[in-house]
Structures are given as structure tokens and as C-alpha cells.
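S.K.: I would like to see how this sequence folds:
(2 chains)
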Amino acid sequence: MFLEELTFILKRRRTLVSFAVLAAIPILVGTVLATLGGPKQGNGPAFINEVTNNGVFLGVTSISTSQLVVIPLVIAIVAGESLSAEASYGTLRYLLLSPISRTRLLVVKSFAVLCYAVIACLFMVFVGVVFGAILFPVGNVITLSGTSVPLLDGILRVIGMGLLAAISTFSIVAIGIFASTLTDSAIGAAAITFGATVVIVILNNIPELVQVAPLMFSNYWASGADLFRSPITYHFIIKNLIEQLGWMTIFFLGAWARFSTKDISS
Amino acid sequence: MHGKQQTELCFSLKYLIQTTALTKRYGSVNAVDSIDLVVPEGSIFGFLGPNGSGKTTTIRMLLGLIFPTSGEIKVLEKSIPRDLGSVLINVGAVVEGPGLYPALSAEQYLARTAKSSAYARAKAKLSGELPSEAPLTPDIDAALELVGLSKVRHRKVKAYSLGMKQRLALANALLYPRKLLILDEPTNGMDPQGILEMRELIATLSNAGTTIFVSSHLLSEIEATCTHVAVIQHGRLLFQGEVSELRNQLPSMLTIGVTDPQLALEILGSQFSLTAEIGSNGLLTVNRGIVRIEDISAALVGAGLGVYRIAEDSATVEEAFVAITGKGSDVS
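M.R.: Next comes the predicted model:
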């Protein structure tokens, strides 16, 4: 059922649209940089100055520009509709009657959306690196610390950053699944999820809240950039992983508590 | 009489559905109010009631989709919702119409159902709850053939009519051999041809040993197919028993032809307190109330009269049923 669910998600039209959006970011950014040149020093998102020197960084820039809005948006849509779309089609009851236990269905759905998140982020990185390599020169990768690492090593770090970006969305996935157990409206669940993410991101940027900021799931999203230090510093990366694990646990448990006791009247 | 004899002879008579004081409360309203259903094995059991009477709520509880406020449920002699998984393996169901993915074809839809049930079936085979010869993967072709959708199997469901969607929902319920089928208004949206085919299918499945629990808001539908019936209104059971017994409880107009109408008129009045009229053609018409037709005929024959005709006006049966249960539109 897991493979069935994953292909079911990937084949849906709105999922295909989400991949088009994810591909559009590196293509647009790359095209703009190739035609107009890079921004003045210090402006724009992280690593954007590096792109014209080394196309590999187009993958990195795409992720860091999309991490706050575009990626959470597509994840919120896919996670939010996981159960609610089944409910609104009336297929949820037939899945349960097939039979499959509620817990098992929830686990399968959750795991499939987590996989989608990983595929989506790696897809964006892939398009970024390939398109960057077409538009710009590629070569040894200069780290934030100023040292140089071989191209292959650099590409592995870019992929690692994509993976960390995906893991950074795991709390959003869990919130989306939870929201999906609350309502039979796919749009509603996606809106709740994306809304919650935006609120957290805004709160996270309010200086007065710096004391509680570490508890917010977006606090360490930028930690993936630490892969481009030499040597790599894992401190914030690990904090991010713990943060995601914590919020995932809370919301997946909430989703399970809700779904396993819910009256399915759709 | 026939039913009673059966009960006495077959000590092993099993009830495939049995509820005890089953209640579902929404706010202050009892959608289902303390009902005790008993569905014997092998029966075609009609669950009859107007729209909004609690039929679907009851069915959803039987299938573990919603949880009762109080009361107990046994399906296939196992407790719901505790043993839900092992019960549902042997139950096919259509609940409140079809639920389909518009972008999938009939074949893809059934394949998805099969995959979602694969784990539960494999587990049940290992634990011996399903016989070892039970199929692990379904015969999708056979299921589509059975409901007459073979020709449109590759067409996306969004291009289907409601009747075709109903057929697909039925194919989904029939994907595996079942002990019990629970069908919630399965003929909704079907054309007369489809309704006839559905009746035939129900009869065929019943002959093959499947117990069938079918809901409807049409008495005629139940009378045409069922052996047993329960009538529900406002969440309460008004009647439960064999279809022939229900008929006796519904007042109807009789037309009676006898050799001595005048004497018959007096007998009906004195023995049953019924007021009959003699028409110009010499036939008696009488509203029998809930007096059984066989009692009336026995009394007339017993008095030495020749009875050459007793006809029940079936339209008045339907009217009486509507009078008992209400039309549904004013039901909360």
C-alpha cells in the first residue's frame, strides 16, 4: 500500500503542478542571473553571488530562496489533502472497509507524504544543479570558510542541503496530516497548515521572542548552509533534526489520537 | 409459521448481525435509539425506513466507521469495533452511495482497493481467519463482469453516470468472496434495467450462501427481494421479522368475493369489528386494519361460505407504510 500511495500522490495533477513550480524557481533565478548578472555584493539570498562563478550553487540558492514560502506551500497542499481529499471523495470509508486499519492507513499516508517532501526538495536541487551547470561554469566549490573542495564533494554537499531542507519540512508534514484529520476540506487543511507555518516563521523573526525562538520549528531551517563550512559544523544541523523530530512526534500523535477515534461520516 | 419451524429445527441458526440497545446520539438527538437488530444467516434482510431515519448511521456503526454512544454490536459473531479488521475481511459493503476517484478508471480503482486490503488479507490468511484457498489478490475482471462494467473498465470514473458508479461500488464490495454483504440503497440512481439486474444479482449471491443486508426507503423494493425486514423510523425499530409478517401489520383495502356477501359482512363485523361495504358488483370492500388476511379467509370458510376472491390493493399497502413511517421530508 505504501508504494501504491506514493505513486498515487506523484501521479496526481496537482503534484505535477507542484513539480513545475519547484523547477521554475531555479530556472527563473538562473535565467535572471545569466542575463542580468549577479546582485551587488551582500544583496539577495544566501549564495546567490556564487552562482555566476559556479553553477552548482544554483541548486543551493533555489533551496534557500524557496525554504520559507514555496516549499512549505507545496508540502502543505500535499500533506493537507492526504486524508481530507479521500474524505471529500467519499473514498476514505471504502479504503477503511477494504479493510485497512486506521493506524496503518495513517502511517502509510504520512510516510508517503514524507517521501514526497524528500523527492520534491531533491528534485529542486537536481534541476538547480543541472540548469546551473548549463548556464554557468562549474568547478571546485569554494566553501563559506574560503577553502576549496572538489566538485563531486561540492555536489554531495548540495544534495545534503536538499535533504536537510526536506527534513526541515517534516514538522509541516505532520501538521498537515493532523489538519487533514480535522476537516474533510483539502483546501481548508492546506490553508491551516500553510497559515501555521507562516505564523511561526513571522514569530521566529520577532527579536523580542528570541528566548522562545529555539522552540519554533523554523528556527534552524538555515542550518543546511553549515554543510558549506570547512570543516562542516553539525551543531545547528543536529538541533534542527531534534526540533523536527519533536514537532513531528507531537503532531503525528495528535493525528493518530484524532483519526483513530473519529467518526467517519464522510 | 414457516420461519418458526425453521428456528425450532435449526439449533445452529446463527445471527450474522446482532445489536443490543444500539444508540448513537448527536447532541440531544438520538439518530439511532436503542435498536436490537437480529439478522439471521442466509437471509436477505431489508432495512427499511424513510430518508433520515437512521439507516445509514446504523450501517456505519455496523462497519466501525462511526462509534456507538452506547450499546453493543456483533457482526459475524464478533464484537465491533474490537474485532473490526477480521470481520471486514469477510464483509463487502456499499455505504451511502459510491465513493470514487474521478481521475481513476474502474480497473485502477479496484486495484487500489485491493492494494489497501492486501496487508489485512495476508495477515488473516496467516492467522487462519481466512481459509488458505482464499484469494490474496482479487479477480478484478470477474467483479467488473458481474456488474456489467467490463466494456468501460478503462474509462475514467468522472465520465460515468450515477448508475454506473453504483455498479462500480458494488463491484468493489464483491471483489472477494464474502459471508455478508451490507448494501446501503444500492439501486439509487439506477435505471429500471439496472434495478432488475441488481435484484437478480442479490438473488444469485444469496443462493450462493451470502447473507445480504440491504437498506431501502422503498417498501416495494424490499418486498420484491427480501426474506426478512426491519422498519426504522426516527432511529427506532418499529418492526422486525419476516416480510410476510410485516405485510399483515400494514392496514390495506381488501376486495372479497363470497357466495353470501351479506353473511360475510356480518361475520367481519362480529368477529373482527371490521366495517365492510357491498359494492354494486356484489363484491365486499373492507379496510382490514391489521387483521391477518388468512384469519379473515379462515373465518369466512369456517362459516360455510364459498370464497372465490380475496384481493389486496397493493397501492394502499404502500400508503399505509408511508403513513406509519412518514414521508421522510419532515424527519429531523
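S.K.: which element, helix or strand, includes residue A:133?
M.R.: helix A:102-135 (DSSP states H and E).
S.K.: any residue of that helix touching chain B?
M.R.: Yes. Helix A:102-135 is in contact with chain B by Cβ under 8 Å from any Cβ of the partner chain, via A:104, A:105. From N, CA and C alone the C-beta is placed, and that goes for glycine too.
S.K.: for the very next helix or strand once past that helix, packing partners?
M.R.: Going down the chain from helix A:102-135, the next helix or strand is strand A:141-142, by DSSP H and E. Applying 3 or more Cβ pairs under 8 Å, 6 or more residues apart in numbering or on different chains; DSSP states H and E, one finds that strand A:141-142 contacts strand A:148-149, helix A:151-168.
S.K.: nearest approach to chain B belongs to which of the ones you listed?
M.R.: Chain B lies closest to helix A:151-168 among these, at 25.6 Å (Cβ to the nearest Cβ).
S.K.: quick one: contacts for the residue of the stretch 151-300 of chain B found nearest chain A?
M.R.: Chain A sits closest to residue B:172 of the stretch 151-300 of chain B, with a gap of 6.3 Å, by Cβ to the nearest Cβ. Residue B:172 makes contacts with A:94, B:92, B:94, B:109, B:110, B:113, B:143, as judged by Cβ atoms under 8 Å, 6 or more residues apart in numbering or on different chains.
S.K.: what pLDDT is listed against it?
M.R.: Note on residue B:172: pLDDT of 96.
S.K.: give me the number of residues near residue B:197?
M.R.: Residue B:197 has 17 neighbouring residues, counting by other Cβ atoms under 10 Å in any protein chain shown.
S.K.: any idea how many residues pack against residue B:231?
M.R.: 24.
S.K.: my error: substitute residue B:302 in the last question.
M.R.: 10.
S.K.: returning to what we had before: angle of the helix holding residue A:133 against helix A:151-168?
M.R.: Between helix A:102-135 and helix A:151-168, the angle comes out at 140 degrees (axes from the mean of the first three to the mean of the last three Cα atoms, to 10 degrees).
S.K.: ok, now how distant is the residue nearest to residue A:90 when sequence neighbours are not counted from residue B:175?
M.R.: Using Cβ to Cβ, 6 or more residues apart in numbering or on different chains and skipping residues adjacent in sequence, the residue nearest residue A:90 is residue B:99, 2.7 Å away. Counting by Cβ to Cβ, to the nearest Å, the separation of residue B:99 from residue B:175 is 15 Å.
S.K.: look through the stretch 51-200 of chain A and state the residue closest to chain B.
M.R.: Proximity of the stretch 51-200 of chain A to chain B (Cβ to the nearest Cβ) peaks at residue A:90, 2.7 Å away.
S.K.: so stretch B:14-25, near chain A or not?
M.R.: No. With Cβ under 8 Å from any Cβ as the criterion, chain A is not reached by stretch B:14-25; the gap is at least 8.8 Å.
S.K.: in that stretch, which residues are buried?
M.R.: B:15, B:16, B:17, B:18, B:19, B:22, B:23, B:24 (16 or more other Cβ atoms under 10 Å in any protein chain shown).
S.K.: columns pLDDT and secondary structure on top of those, output as CSV?
M.R.: Shown next, in CSV, are the buried residues of stretch B:14-25 (pLDDT from 0 to 100; DSSP: H, G, I helix; E, B strand; the rest coil):
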residue, pLDDT, secondary structure
B:15, 95, strand
B:16, 97, strand
B:17, 97, strand
B:18, 97, strand
B:19, 97, strand
B:22, 97, strand
B:23, 97, strand
B:24, 97, strand
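S.K.: what about the helices in the chain?
M.R.: In the absence of a named chain, chain A is used. Secondary structure of chain A (DSSP state H): helices at A:2-11, A:13-36, A:48-51, A:57-66, A:70-89, A:91-97, A:102-135, A:151-168, A:170-182, A:186-204, A:235-261.
S.K.: correction: the question concerned chain B.
M.R.: All helices of chain B, identified by DSSP H, fall at B:2-9, B:55-62, B:84-88, B:106-126, B:140-146, B:162-173, B:192-207, B:219-225, B:243-249, B:261-272, B:293-302, B:314-325.
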